[in-house]
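Student: how would this look folded up:
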Amino acid sequence: MSRNHQIPRILIAGTHSGCGKTTIARGLMQTFTSQGLVVQPFKVGPDFIDPTHHTAICGRNSRTLDPFMMGEEGVMETFVHASGGADIAVIEGVMGMFDGLDGTLKASTAHVADILDTPVILIVDVKGMSRSANAIVNGFAGSPGGERIAGVIFNRLGSDHHRTLIERSAGRNILGWMKRRPGLEVKSRHLGLFMASEVDKDTAAGEAVSEDCDTGAILEIASNTSPLPVPEPLPGVTGERPVIGVARDEAFCFYYQDNLDLLVASGAELVFFSPIHDHLPETDAIYLGGGYPELHAGALEASPATIAIAAIADQGMPIYAECGGLLFLTRGILTDREYRMAGVLPACAEMTGSVQALGYSSGRGSSKNSYITPGMKIKGHEFHYSQIECMPDARFIIELSRGKGISGCRDGLSEHETTGSYTHSYFTREFSVSFVNAARKYKRQ
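Tutor: As a prediction, this is how the structure comes out:
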């Protein structure tokens, strides 16, 4: 890393989940794009849903920044490469500013701010308090990492009098007084917010931020940042490019853009298709991401692509599936009734009324298939409201040191050259190259 690049940037942190940082981050993105700025969005932590809203607003793919899954160097590489050509980067934090792995700062919003040397705007929900709001700000500012707090936005202000009560003891740079406005939040369901494609385009958050926040001062803070080192690009790959079919529709919609980019950088050509609406295209491998197959189980049961995927799996095509993709590859999903699925993996899935796993996962390959080898590192996260009942002859090829997996800390249910995992993986270069090579080998056969 020899070159440096100046990237104006700001990180929106919160005191806790639900304090309004998502709404305000969206509002700032809308405001800056409406001013003609090119905004590069980011999200701290393993989140697939908030980035869809960022992407819809900014017209640039929102990227994940997660030190646990990516490492500190990976966070820097993704941030610098993705910010090329942007006027400003807006990073939305996760949970409370200091909430990290196992009660530490690791993988927290504060950790990312430190890696990227980025000023922080702290969002404080002041509903039901006045002077106490400033005590919270002072406590955050006095904690390790709190010195990066460059300003505060007070959210859900009740009235002008409420503001006066807070101002009397305020000692920090106040950048906004966001009034209570019902309806700014995006609707939620069991896995989080609705995806951007499922809600109408709404500029209300941007209008509220423009009215209630000093966006000029925020831009000035973002511009007063130090240059960052520019990582070297990944080496190019020559030779034949196998085609990997990526399932992408309303049932399969959870993907890290970095994973897709890494597959391309490793030598693949990607073709996107809908298992609900399309016939299966000609491919040399298939990647089935997470999403909501349980909400579209009837359509998947009737889809010709479901039958086609089962047939090519029997022929040994490499298939990799995560969470929702795993459910789709079982014999059936039990929701309001049992729906037949692809039947590739020797198991059945059942939706549950409560979360079954939530958190980071980490493990290694324990048994070989065409693209996951013994000792290969797997890192990611789990979040699902389902459980898998496996047949007695089920074979697992990933042993987890962290996380629940499918059964007894075992993940990677495997049959033929198909593997389904509850872990939403952040791909390593080793995995990506191995998967692409398996597709290339299948193509030659």
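
Student: SS state for I166?
Tutor: Of the three states, I166 takes helix under DSSP: H, G, I helix; E, B strand; the rest coil.

Student: count of neighbours near it?
Tutor: Neighbour count of I166, defined by other CB atoms under 10 Å: 21. (Each C-beta comes from the backbone N, C-alpha and C, glycine too.)

Student: What of F42?
Tutor: 26.

Student: How about the contacts made by the spatially closest residue to it that is not a sequence neighbour?
Tutor: Leaving out its chain neighbours, the residue that sits closest to F42 by CB to CB, 6 or more residues apart in numbering is I91, at 4.3 Å. If you count contacts by CB atoms under 8 Å, 6 or more residues apart in numbering, I91 has them with 9-12, 41-44, 65, 112, 116, 118.

Student: and I91, what are its phi and psi?
Tutor: The phi/psi pair for I91 (degrees, to the nearest 10) reads phi -110, psi 120.

Student: Distance-wise, check it relative to I10.
Tutor: Taking CB to CB, to the nearest Å as the measure, I91 falls 7 Å from I10.

Student: so what's in contact with the two at the same time?
Tutor: Counting by CB under 8 Å, 6+ apart, the contacts common to I91 and I10 are T118.

Student: quick one, what contacts F435?
Tutor: 244, 263, 266, 285, 287, 318, 320, 371.

Student: Tell me, please, the helix or strand in this structure that averages the lowest pLDDT.
Tutor: strand 188-189 (a mean of 48; mean pLDDT, DSSP states H and E).

Student: rewinding a little: what is the residue nearest to F42 paired to in the beta sheet?
Tutor: Residues in a beta bridge with I91, per DSSP bridges, are L11, F42.

Student: Look up how far L65 lies from it.
Tutor: Taking CB to CB, one finds I91 at 7 Å from L65.

Student: now the helices for the protein?
Tutor: 21-34, 50-58, 67-82, 109-115, 131-141, 160-167, 204-212, 215-223, 257-265, 297-302, 304-314, 324-329, 429-444 (DSSP state H).

Student: Make a markdown table out of the ones you listed and add mean pLDDT and distance to T418.
Tutor: As requested, the helices of the chain are exported to a markdown table (pLDDT from 0 to 100; distance: least, CB to CB, whole Å):
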| stretch | mean pLDDT | distance to T418 |
| --- | --- | --- |
| helix 21-34 | 96 | 36 |
| helix 50-58 | 94 | 27 |
| helix 67-82 | 96 | 24 |
| helix 109-115 | 98 | 35 |
| helix 131-141 | 96 | 47 |
| helix 160-167 | 96 | 57 |
| helix 204-212 | 94 | 42 |
| helix 215-223 | 97 | 46 |
| helix 257-265 | 96 | 17 |
| helix 297-302 | 97 | 16 |
| helix 304-314 | 96 | 5 |
| helix 324-329 | 98 | 6 |
| helix 429-444 | 94 | 11 |
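
Student: Deepest-packed of those, please.
Tutor: Mean neighbour count (mean count of other CB atoms under 10 Å) peaks for helix 324-329 among these, with a mean of 29.

Student: Give me the contact list for it.
Tutor: Against helix 324-329 from outside (CB under 8 Å, 6+ apart): 247, 251-252, 254, 275, 287-294, 300, 306, 309, 313, 319, 321, 333, 341-345, 349, 386, 388, 406, 413, 418, 420-422.
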